[in-house]
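Asker: what follows is a predicted structure for the sequence shown.
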Amino acid sequence: LTDKEDTAMIWRGPILSGVIRQFYEQVLWSDLDYLLIDLPPGTSDAPLTVLQSLAVDGVVLVTMPQKLATMIVRKAANLIHQLKKPILGVVENMSYFVAPDTGVRYDVFGPSYADSVAELAGAPMLARLPIDPRLVEKADSGRVEEIDDPIVDELAAALERAVAALPKAKETISI
């Protein structure tokens, strides 16, 4: 959207809301199996606009093992419940680190609170993603499609099961 990648987009709520709707309505998305919209954490204008304006089939809450992150995600879960949108599940990012030389697992950010988030959300835990320098390198270089890790396949399968379990909308006929 700008000529320099470090340029800040300084948009107030109404502008941001309009841009989100414009991306959804005016981009030629072709035939998609799924459209995933990655939003900042919390209950700000962007998540609120998406939940109120777009045809959202379900939400995946992403947390990490820190009390502050958990508090923010719990607020988001309550917002989603208030707007009567389904929560498909919870993913805990940066859940742990396994040292490649010893195989020892470390909880770098402390104990997990993801189960309490999932309980509040009334949704299953979909995955606990580790800190993995190989995945970080691929993501940072724009090559996420090259990630070949069983945890990614497990997450994708869990998401597909959660979407398949959603109640199907009744078809309507316009006359």
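Answerer: Everything's here; your move. Numbers count the residues shown, from 1 in each chain.
Asker: name the residues that touch the strand or helix carrying L88?
Answerer: Secondary structure from DSSP states H and E places L88 in strand 87-92. For strand 87-92, the external contacting residues (Cβ atoms under 8 Å, 6 or more residues apart in numbering) are 58-65, 73, 77, 80-81, 112, 114, 117-118, 121-129, 155, 158-159, 162-163, 166. C-beta: built from backbone N, CA, C; applies to glycine.
Asker: also stretch 140-153?
Answerer: By Cβ under 8 Å, 6+ apart, the surrounding residues in contact with stretch 140-153 are A127, L129, P130, D132, R134, L135, K138, A139.
Asker: the strand holding L88: partners in the sheet, and parallel or antiparallel?
Answerer: Pairing partners of strand 87-92, with direction, according to DSSP bridges: strand 59-63 (parallel), strand 125-128 (parallel).
Asker: picking up where we left off before, which ones among the contacts of stretch 140-153 map onto helices?
Answerer: Among those, DSSP state H puts R134, L135, K138, A139 in helices.
Asker: tell me the confidence at the third one?
Answerer: According to the prediction, K138 has pLDDT 91.
Asker: same check, this time on the second one
Answerer: The model reports L135 with a pLDDT of 85.
Asker: now do the contacts for it.
Answerer: I147, D149.
Asker: before we move on, back to that, quick one: buried ones out of the contacts of stretch 140-153?
Answerer: Neighbour-count burial (16 or more other Cβ atoms under 10 Å) applied to the contacts of stretch 140-153 gives A127, L129, P130, D132, L135, K138.
Asker: was I right about A69 contacting T63?
Answerer: Yes. Taking Cβ atoms under 8 Å as the definition, A69 is a contact partner of T63 at 5.5 Å.
Asker: look up how far L61 lies from the closest residue to Y113 other than its chain neighbours.
Answerer: Nearest residue to Y113 in three dimensions, chain neighbours excluded: T70, at 4.1 Å (Cβ to Cβ, 6 or more residues apart in numbering). With distances taken as Cβ to Cβ, to the nearest Å, T70 is found 10 Å from L61.
Asker: the more surrounded of A69 and T63?
Answerer: T63 (27 against 20; other Cβ atoms under 10 Å).
Asker: just checking, M64 touches M94?
Answerer: Yes. With contact defined as Cβ under 8 Å, M64 counts as touching M94 (4.8 Å).
Asker: give me the low-pLDDT residue ranges for the chain?
Answerer: Low-confidence segments of the chain, defined by pLDDT under 70: 169-175.
Asker: so where do the helices sit in it?
Answerer: 13-26, 45-53, 67-82, 114-121, 133-140, 150-164.
Asker: which other helices and strands contact the second one?
Answerer: Contact here means 3 or more Cβ pairs under 8 Å, 6 or more residues apart in numbering; DSSP states H and E; on that basis helix 45-53 packs against helix 13-26, helix 67-82.
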